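# 3D model of this:
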Amino acid sequence: MVKLEARPEASKFMSIASPLLALAITVVIGTILFVALGKDPMRGLQVFFIEPVKSLYVLSELAMKATPLLLIALGLSVCFRSNVWNIGAEGQFIVGAIFASGVAMQAGPDTGRWIVVPVLLAGVLGGMVWAGIVALLRDRFNASEILVSLMMVYIADMVLSYLVYGPWKDPAGYNFPQTITFLKSTQVPRLFDGSRVNLGLPIALVLVAVFWVLLFRTYAGFQLQVGGLAPAAARYAGFSSRRALWMALLLSGGMAGLAGALEAAGPLGQLTPHVPAGYGFAAIIVAFVGRLHPVGIVFSAVLMSMFYIGGELAQSRLGLPKSLTGVFQGLLLFTLLACDTLIHYRIRWKAAQPQAAKPTAPAITPTPAATTVTTGKGA
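Numbers count the residues shown, from 1 in each chain. Sure thing, here's the model as predicted:
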């Protein structure tokens, strides 16, 4: 018989091993899934885990997809550590791309490369504005940041559609819903010729170090986490829970907006309805698989980008739907949540005890009724 027994304290070993165990279970379930779909499971696993690291070109594509996931997940890790549940990073990503595109379209033939900086800053500002609305509603009206941030994703998507189908549509774009192609001076510089990896990758790696210092080596990071996790204790210590709320959401929104700016002014080079690629939702999984730690998020972002590339390859080479990417992402999340149970509980195998036989009541032998003889004196 299997029994979960509470640990006296959280297991540090399982907190590290849990993501690895979740990945192994995901691979096993994925193998079963490929067999059920009538595909060679070894070929399927090769497409997801070998092909994305097989050549330098594919590695560059892996880095390009990992960059927005890494940036968004860094911001979300601050939110989640502060007990602020920002689920709408996808909307902040979209608005960041919109703001960045608005600045990029103002460039002229004589504009220098310096405009890349305002383009990226505009993306950061857009994400912060969108997250700031969530912070305002939570702060003033105690609205759930989960519902508000999630619903604002759809508002951002509608704003994007209005712009690319309406006032920002390229008049020479054959009626396609897209803006003009941004000028070369506004596009984020690439690191290597023949590769789409751009300046966003080193920016993301620098920000990993910045967020590590912020969370674990600064008094502000300590205030941020205490203010979110224990508001009463924070007030007693003189910390502001409101400040923690605003700082966490603005940081998270700014990082998502920066990722959107890098996407629009980087590989896309214009604003289209295909800007929302699901990075904002996938980054939630990245943050938790990376244990809300900046260094761990680097590895989980690479793993999640492998799922993206593997899904694209599975579509073209195996004839499977691209939605298989989402299936693997969901499997990883659910198995991680299940394996995280082992951090606070241990599995005990307990042999079933044979039930003792119930004692039987002793048989009662009926005794003959006593016969009372009445003797009369005159008998």
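# Please, where are all the strands along the stretch 1-150 of the chain?
2-6 (DSSP state E, counting those that start in this stretch).
# Run through the helices of it in chain order.
12-36, 41-49, 56-81, 89-104, 116-141, 145-165 (DSSP state H, counting those that start in this stretch).
# counting contacts, what elements does the shortest one pack onto?
Read that as helix 41-49. If contacts are counted by 3 or more CB pairs under 8 Å, 6 or more residues apart in numbering; DSSP states H and E, helix 41-49 sits against helix 12-36, helix 294-317. Every residue, glycine included, has its C-beta placed from N, CA and C.
# quick one on the thing from earlier: so for A237, which of the helices of the stretch 1-150 of the chain sits nearest?
Smallest distance to A237 across those (CB to CB): 17.1 Å, for helix 56-81.
# Tabulate the helices and strands packed on helix 41-49 (a markdown table), appending mean pLDDT and distance to L332.
Shown next, in a markdown table, are the helices and strands packed on helix 41-49 (pLDDT from 0 to 100; distance: least, CB to CB, whole Å):
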| stretch | mean pLDDT | distance to L332 |
| --- | --- | --- |
| helix 12-36 | 91 | 5 |
| helix 294-317 | 91 | 8 |
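# Redo those helices as CSV? Include mean neighbour count and distance to M158.
CSV is the format used below for the helices and strands packed on helix 41-49 (neighbours: other CB atoms under 10 Å; distance: least, CB to CB, whole Å):
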stretch, mean neighbour count, distance to M158
helix 12-36, 16, 34
helix 294-317, 21, 25
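# mind giving me a markdown table with those helices and columns for distance to A283?
Listed next are these as a markdown table, based on distance: least, CB to CB, whole Å:
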| stretch | distance to A283 |
| --- | --- |
| helix 12-36 | 15 |
| helix 294-317 | 8 |
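# got JSON lines for the helices of the stretch 1-150 of the chain, with distance to F307 too?
Formatted as JSON lines, the helices of the stretch 1-150 of the chain follow (distance: least, CB to CB, whole Å):
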{"stretch": "helix 12-36", "distance to F307": "10"}
{"stretch": "helix 41-49", "distance to F307": "7"}
{"stretch": "helix 56-81", "distance to F307": "9"}
{"stretch": "helix 89-104", "distance to F307": "17"}
{"stretch": "helix 116-141", "distance to F307": "24"}
{"stretch": "helix 145-165", "distance to F307": "21"}
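# out of these, deepest packed?
Across these, averaging neighbours per residue (mean count of other CB atoms under 10 Å) puts helix 89-104 on top, at a mean of 30.
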